[in-house]
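*Asks:* what shape does this take:
(chains A and B)
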Amino acid sequence: MRMKHNKPRKIRKMKNSKVIKAPDQMIDEYQNKCIGKELNESIDLIERLLGVNDDFTIRRFHVFGKFKAAMAYFENFNSKEDVQETLKSFMYIPRHLDHQKIEREELKDILFNEVLFRADIKIEEQIPAILQAVMEGNSVVLIEGLNEAFLFGNRNVDKRSIDNPDTERVIRGPREGFIESLQSNLALLRYRLQTTDFRIKSMKVGRLTKTNVALCYIEGIADPRLVEEVKDRVAAIDIDNIADSGYLEQFIEDNHMSPFPQIQNTERPDKAVSAMLEGKVVLLSDGSPFALIAPAVFAQFFQTVEDYTERFIMGSLLRMLRVLALSFALFFPSFYVAIIAFNPELIPTDFAVAIASGRAGVPFPTIMEVLFMEIAMEVLREATVRLPQQVGGALSIVGVLIIGQAAVEAGFANPITVVVIALTTIGSFATPAYNAAIALRMLRFPLVILSGIFGLIGLMFGFILIMNHILSLKSFGIPYLTPIVPGNFQGMKDSLVRMPLWKMPKRPGQFHPRNQDRLGDDIVEEFNQEQSNPLDLQGGYKRWDKKNGVSKKDNSDPNSDHNS
Amino acid sequence: MEFPKKITVIQTAIITASTIIGTGMLTIARRTVEFGDTAAPLLTILGVLVAYLSVYVICRLGNWFSGKSIFQYSEDIIGKWLARFFSLLIIGYLAVLTALYAREFGAVVRTTVLSETPLEVTTLAILIIVALSVRNNITTFAYIHHFYFPLILAPALFISAVSLKHANVLYLQPIIGNTPTNPMIGILLVAAMFQMSFILTIVIPAMRETHQALKAATWGIIMGGGLYLIMVIATVAVFGSEEIKTLLWPTIELTRITTLPGEILQRLDAAFLAVWVTAVYTTIFSSYFLCIYGIKQLFRFRDHKMFSFLLLPFIFFISSLPRNIVEVYELIKVVGMAGLIITLGYPCLLLVIAWVRKRKRKKGIGGSVDQYG
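*Replies:* You can find the predicted model right below:
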């Protein structure tokens, strides 16, 4: 079911269509045409294309009081201060040019080199490029007699402040998350990765939205073939709208029919940076606070930043706990159904009696009971995600009362079923990645049905089917279960457990990083050196190989008995 | 086309072991005791040695004709048409074996856990699951074996270890057996249980380091044989040989007397059987895969996926031929012994012929470069 990721093909536009031409199609007629020297003609052209918009403004003025000029921009899209600054620098004659006679021929050079004190200024002559620049929020200045236009990046779009990412909260670790603006996100990455090796390649995707997509990687670590492949797959996308990086994900992933995510998304710049340092590639799209990390393996979805910021024993234990919770969420309800419906002899006798008494008034078979409750739980979860916070409290009361107590009292469900469902739900919430968790949560339903048919054997059938699917998955050629299957020793150090940082001298091998070394050569040696204990007065002060004298008899302690 | 050179040494060993460990796990104790009495562990060891012979031959052939499977190099050795006939025989035999494994699985499940489900449904269910998974390529085939291996090994080892508290060393003596009825047949039966190590013939060409195939296969046999040996010893030590002769599946009885510490589950037999499904699955998976891979290579197709569901009705048909469980085991015995001719005799024959032809050529032309070297 793999979609071919071809290099982009030129698609022939329909020339003689009867549809009324939108400006976008009219621009096509001006392909490769340059702007003329006549100011009025140029203004007419722009006016014809964009003048319908009420927020489009053309401001005529004179450069240095002599040359006729006009500035065109979208007034809500450009900041007023910037526009005024721009106009000011055109209209004022700088002091050093005060008595100089300026010819029209040298006007462009003088303006560009001596007058306009702006950083984001571009000179452009192609009509489509100029129009596109205006649409992107530049102000364009046209001057009579010049066949080039000045473009100023005056875009002003309000953006929210950088705050704690909602989907990936941590107790210990950086608190900043990506926001919608691509510029800010790239700045956040640059700030965390101040090396010349950090590369950003930008592309435009989306026929109408013309969304900026940035491909970030580290030269010398990421495999160039991976970078090339990701770039090709992104370039092959031909869609009108890229509303979020999720659109990109669905176009570039390997298996489009799988419930499992094969590309990771994150809101955290620090996570994106560590992914790049492992040889992966990060994709950011303008207007989306989620960065994509490709390739992704299954192990990544139950790892969090905290596993690394806290000490390794804690991180490892938490990871194992998460895997346990994950398998609980997937298998517990079906295990319960299989045991109750097919193999009640497996339950310890006392407990079996309790279950039997609980089930006494319940009219449905266990599988129906579990399915009802599971669906109710999913509905409740979905409702709480969408609801405004003010109503959320009411909903949780309803959920607790109806699904918990009342269902049992009404003889609708067995209390132990409720416990099982609760454990399952909690287990599924313990998976840090929402998309992986939801895949497993959904797979639980076919598993319940299978074990309702075949009992424990059916559960195993389901397990085998799911695992075989996972084992056959690949993300950019990397088997989905690496580093467990196939084993990779360096990768395994950071999978189910996290080894101490100084025990992982190499980058995980499954992503085939070009440069393997994470640690310096002598780091372990330094660790093994006897430590100096500057505050241990009895021990003397020894630092590495410098001995600052053995301690004196009184141990430099003024309060000692040995003070003679 | 897939890139075939990807399977590592560890994966090869695991594939060998997990292919061997299958339905035989439940019956091996009864089989060996039937023919060897208390010499059952000894018979197992000897059977493993016989099985190792076939593995050795296959590895030698695989090294000799690197990059080719038995379906391909046999054509070089004994000529196109004779080789094709034998290949067809192997494929037919594998289809029968797959069907019998599935039938045996169905019978066990029917008798022990799902007594109301028709036997055909369970048999068909496992066959469909296998047919779905053989559509993967050989790399994923290796991954699948690799992943399930701990699941196969752990419960068997655990149950053997826990059952030791009921063990009686006297049951194991004398080691050479009291009155072994027919030890030769016992040895061959054990060897027949190991004959799915024949899977090596398609794994070796896909290995990254072909020259280490023998090492990998040896480890595979040691792991598989070791597990079987442990199970035989544990079962015989707990029940004694006379008791075992009356038990259809002694290993299930063994799980019935063991309990988990902490009493999370009252009994273990159903849970053990559930995990045992993976062992059976990997075995059927291997034989099915080998079967359709053989068809692919015999008829020179580029892809084997097509045959996975094409073959299913035939295999299901064969699996429903025996009338009852007794007949299934009789058939397994006969077919297994006959199969030894194919999986042990045929490769030996090929090796000898290839060796003779090589000698001849060396004598005849004198110092010419060996075609296959």
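*Asks:* quick one, strands of the stretch 251-400 of chain A?
*Replies:* Assigned by DSSP state E, counting those that start in this stretch, the stretch 251-400 of chain A shows strands spanning A:264-266, A:281-285, A:291-294.
*Asks:* stretch B:234-243: which residues count as buried?
*Replies:* Going by neighbour count (16 or more other Cβ atoms under 10 Å in any protein chain shown), the buried part of stretch B:234-243 is B:Ala234, B:Thr235, B:Val236, B:Ala237, B:Val238, B:Phe239, B:Gly240, B:Ser241. Quick note: C-beta positions are derived from backbone N, CA and C, even for glycine.
*Asks:* my bad, should have said stretch A:318-334
*Replies:* A:318-319, A:322-323, A:325-326, A:328-334.
*Asks:* among those residues, which one lies nearest to B:Leu214?
*Replies:* Nearest to B:Leu214, judged by Cβ to Cβ, of those is A:Val323 at 36.6 Å.
*Asks:* now do the contacts for that closest one.
*Replies:* By Cβ atoms under 8 Å, 6 or more residues apart in numbering or on different chains, the contact list for A:Val323 reads A:Phe302, A:Leu496.
*Asks:* next one, pLDDT for it please.
*Replies:* Predicted confidence (pLDDT) at A:Val323: the value is 91.
*Asks:* so which elements touch the lengthiest helix in chain B?
*Replies:* In chain B, assigned by DSSP state H, the helix with the most residues is helix B:80-112. With contacts taken as 3 or more Cβ pairs under 8 Å, 6 or more residues apart in numbering or on different chains; DSSP states H and E, helix B:80-112 sits against helix B:70-78, helix B:119-133, helix B:269-298, helix B:306-319, helix B:325-340.
*Asks:* give me the mean pLDDT for it.
*Replies:* Average pLDDT, helix B:80-112: 92.
*Asks:* tell me the buried residues in that helix?
*Replies:* So, applying 16+ other Cβ under 10 Å, buried residues of helix B:80-112: B:83, B:86-87, B:90-91, B:93-110, B:112.
*Asks:* now swap in stretch A:95-106 and tell me
*Replies:* Residues A:Ile102 are the ones in stretch A:95-106 that count as buried (16+ other Cβ under 10 Å).
*Asks:* may I have the distance across it, first residue to last?
*Replies:* Counting by Cα to Cα, to the nearest Å, you get 18 Å between the two ends of stretch A:95-106.
*Asks:* any idea how far that stretch is from the middle of the chain?
*Replies:* In terms of Cα atoms, centre = their mean, to the nearest Å, the centre of stretch A:95-106 is found 52 Å from the chain centre.
*Asks:* now the residue nearest to A:Gln516 when sequence neighbours are not counted: phi and psi?
*Replies:* Sequence neighbours aside, A:Lys506 is the residue nearest to A:Gln516 in space, at 4.7 Å (criterion: Cβ to Cβ, 6 or more residues apart in numbering or on different chains). Per-residue torsions, A:Lys506: phi -110, psi 160 (degrees, to the nearest 10).
*Asks:* roughly how far apart are A:Asp197 and chain B?
*Replies:* 30 Å (Cβ to the nearest Cβ, to the nearest Å).
*Asks:* what sits against that residue?
*Replies:* A:Ile218, A:Glu219, A:Gly220, A:Ile221.
*Asks:* so what pLDDT did it get?
*Replies:* 92.
*Asks:* output the contacting helices and strands for the lengthiest helix in chain A.
*Replies:* Of all segments of type helix in chain A, defined using DSSP H, the longest is helix A:434-472. Helices and strands touching helix A:434-472, as assessed by 3+ Cβ pairs under 8 Å, 6+ apart, comprise helix A:312-341, helix A:366-386, helix A:415-429, helix B:119-133, helix B:138-162, helix B:269-298.
*Asks:* report the angle between the first one and helix B:269-298.
*Replies:* So the one you mean is helix A:312-341. Angle of helix A:312-341 versus helix B:269-298, following axes from the mean of the first three to the mean of the last three Cα atoms, to 10 degrees, is 100 degrees.
*Asks:* cool, the second one as well?
*Replies:* If you take the same axes, to 10 degrees, helix A:366-386 sits at 80 degrees to helix B:269-298.
*Asks:* for stretch A:298-318, output the C-alpha coordinates as PDB.
*Replies:* Once non-C-alpha atoms are left out, stretch A:298-318 reads as follows in PDB (Å, rounded to 0.1, in the frame of the first residue of the first chain):
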ATOM      1  CA  PHE A 298       8.000   2.500  18.100                       C
ATOM      2  CA  ALA A 299      10.300   2.900  21.200                       C
ATOM      3  CA  GLN A 300      10.200   6.700  20.700                       C
ATOM      4  CA  PHE A 301       6.500   6.800  21.500                       C
ATOM      5  CA  PHE A 302       6.900   5.900  25.100                       C
ATOM      6  CA  GLN A 303       9.900   8.000  25.900                       C
ATOM      7  CA  THR A 304       9.800  11.400  27.400                       C
ATOM      8  CA  VAL A 305      12.300  14.200  27.900                       C
ATOM      9  CA  GLU A 306      12.200  13.500  31.600                       C
ATOM     10  CA  ASP A 307      13.800  10.100  31.100                       C
ATOM     11  CA  TYR A 308      16.900  12.000  30.200                       C
ATOM     12  CA  THR A 309      16.800  14.900  32.600                       C
ATOM     13  CA  GLU A 310      16.300  12.700  35.700                       C
ATOM     14  CA  ARG A 311      18.800  10.100  36.800                       C
ATOM     15  CA  PHE A 312      18.900   7.000  34.700                       C
ATOM     16  CA  ILE A 313      17.400   4.500  37.200                       C
ATOM     17  CA  MET A 314      14.300   6.600  37.600                       C
ATOM     18  CA  GLY A 315      14.100   7.100  33.800                       C
ATOM     19  CA  SER A 316      14.400   3.400  33.100                       C
ATOM     20  CA  LEU A 317      11.900   2.400  35.700                       C
ATOM     21  CA  LEU A 318       9.400   5.000  34.400                       C
END
